[in-house]
Every structure is written in C-alpha cells, then in structure tokens.
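Visitor: sequence first, then the predicted structure, then my questions.
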Amino acid sequence: MGKYIGPKSKIARRFGEAIYGADKVLEKRNVPPGQHGLARKRKKVSEYGTQLSEKQKAKYTYGLLEKQFSRTYEQAARMGGITGENLLKLLECRLDNVVYRLGIAPTRAAARQLVSHRHICVNGSVVNIPSYSLRAGDVVSVREKSKSLEVITESLAGGRSRYAWLEWDNATMSGKFLQKPEREEIPENIKEQLIVELYSK
C-alpha cells in the first residue's frame, strides 16, 4: 500500500498548519513553499481550489492517498446521517489513528509503522493493517514483546490529551475503543462540508 514519503514541512507550510505535529521549519517560515513564498500566491482562490485544498489537507493529515480516501468517502456517503461527519468518524476509527490518539506513537506515521511491523494487537490478536476499522468495545494493546520499545515508552511518557471515546489502561498498555467520536470530539481543523461539496460536483 502506498503512502506519502515526500517533505512534510513543505506540506505543513502549504496549509499554514502543523498537520504532522510540532514543526520547527513551519515556526520559522510560516509562508507557502516555493522560491517566492507569499509574493507569488494568487490573490483569490477559486471555490474549487478551496474545496480541493481542504480535501488534500484531510488526506495528508490522516496519511491516505487518493484511491483510499475516495473509497472512504464512498463508504461515508452510503451511511445514514451527515456525510462529512461520517467521513471524519471513519478516518478516526482507523487503527493507526487510534494508536496515535492513545499516545502509543508520537505521530500517525509512527503509528502506521508500529501497526505494519506487528507491534499492535486488537482483542489479543496481532493486526498489521493500518486501515483496519475498529468497532465499539475493541481493545487495542501493545504486543507483549514490544512493550519495551523506545518509541512506545517515550511517547507514553510524553503524555497525550485523552479523549472521551477512548479509555487507556497504563498498567496493561492497552486502550479500549468505546465508540465512534462525535464531530465536536474530533480536534482536527478540517471543514468537511467543503470535501462533500467537492465530491458532489
């Protein structure tokens, strides 16, 4: 499965947000990438350009490429309720995202790697598919052999804001996925309605 492996600071500068976490380059140069930065930026962005930018931001934030993101959107559109909110809920239910939210990994990219390298279990069984969709009641834990991994211990020691839809047990290094989060519980700065408008064209 493909993933974006290009320069992440350049992407963060394009959106003017630290979508990959703390970024020293973004703090120093909070202007769009390119030789001329803001000087060459178009004065007015079209409606389509704004919608496309929001979709790209969501893709880069959650670490998905175009095909996988489109499939997730189609699944969200088939569900009842508000499509944009459904999309974000499905993205938050991904195993790599939940590993990141629980604080087991410092970034989503690191979480994806931990899952791919078989360091994470779901309900006691090793799962190495980052896009695995969790259901209410699923227990995500660190594999016994991997509990002393430096990247995991450092990330857990660093502390992470806790979420109402997740429950963490430090003693067993495991977390319970209680339910899909509501939109107000998802902290990402994404205007999901613009993504829906883009796909509705």
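Guide: Happy to help now that I have it. Numbering: from 1, shown residues only.
Visitor: biggest helix in this protein by residues?
Guide: In the chain, with assignment by DSSP state H, the single longest helix is helix 47-62.
Visitor: okay, that helix in CSV with CA atoms only?
Guide: Extracted as CSV, the C-alpha positions of helix 47-62 are listed here (Å, rounded to 0.1, in the frame of the first residue of the first chain):
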residue,chain,number,x,y,z
GLU,A,47,-14.3,27.8,-4.9
TYR,A,48,-12.9,24.6,-6.4
GLY,A,49,-9.4,25.4,-5.2
THR,A,50,-10.6,25.9,-1.7
GLN,A,51,-12.5,22.6,-1.7
LEU,A,52,-9.6,20.8,-3.2
SER,A,53,-7.2,22.2,-0.6
GLU,A,54,-9.5,21.0,2.2
LYS,A,55,-9.6,17.5,0.8
GLN,A,56,-5.8,17.5,0.4
LYS,A,57,-5.4,18.7,4.0
ALA,A,58,-7.6,15.8,5.2
LYS,A,59,-5.6,13.3,3.1
TYR,A,60,-2.2,14.4,4.4
THR,A,61,-3.5,14.7,8.0
TYR,A,62,-4.7,11.1,8.1
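Visitor: contacts for the helix or strand following it?
Guide: Sequence-wise, the next helix or strand downstream of helix 47-62 (DSSP states H and E) is helix 66-78. Applying Cβ atoms under 8 Å, 6 or more residues apart in numbering, the contact partners of helix 66-78 are 1, 55, 58-59, 64, 83-84, 86-87, 89-91, 131, 195, 199. C-beta: built from backbone N, CA, C; applies to glycine.
Visitor: quick one, the longest helix of the chain and helix 66-78 angle?
Guide: Put simply, helix 47-62 runs at 100 degrees to helix 66-78, going by axes from the mean of the first three to the mean of the last three Cα atoms, to 10 degrees.
Visitor: what's helix 47-62 packed up against?
Guide: Contacts defined by 3 or more Cβ pairs under 8 Å, 6 or more residues apart in numbering; DSSP states H and E place helix 47-62 against helix 8-15, helix 66-78, helix 83-92, helix 192-199.
Visitor: out of the ones you listed, which comes closest to residue 44?
Guide: Among those, the nearest to residue 44 by Cβ to Cβ is helix 192-199 (16.2 Å).
Visitor: run through this structure and note the low-pLDDT ranges.
Guide: For the chain, applying pLDDT under 70 flags the ranges 1-43.
Visitor: spell out for me which residue occupies the centre of it.
Guide: residue 62 (3.0 Å; Cα atoms, centre = their mean).
Visitor: can you pull the contacts of the nearest residue to that one once chain neighbours are set aside?
Guide: Nearest non-adjacent residue to residue 62, counting by Cβ to Cβ, 6 or more residues apart in numbering: residue 91, 4.8 Å away. Shown in contact with residue 91 (Cβ under 8 Å, 6+ apart): 58, 62, 64, 72, 97.
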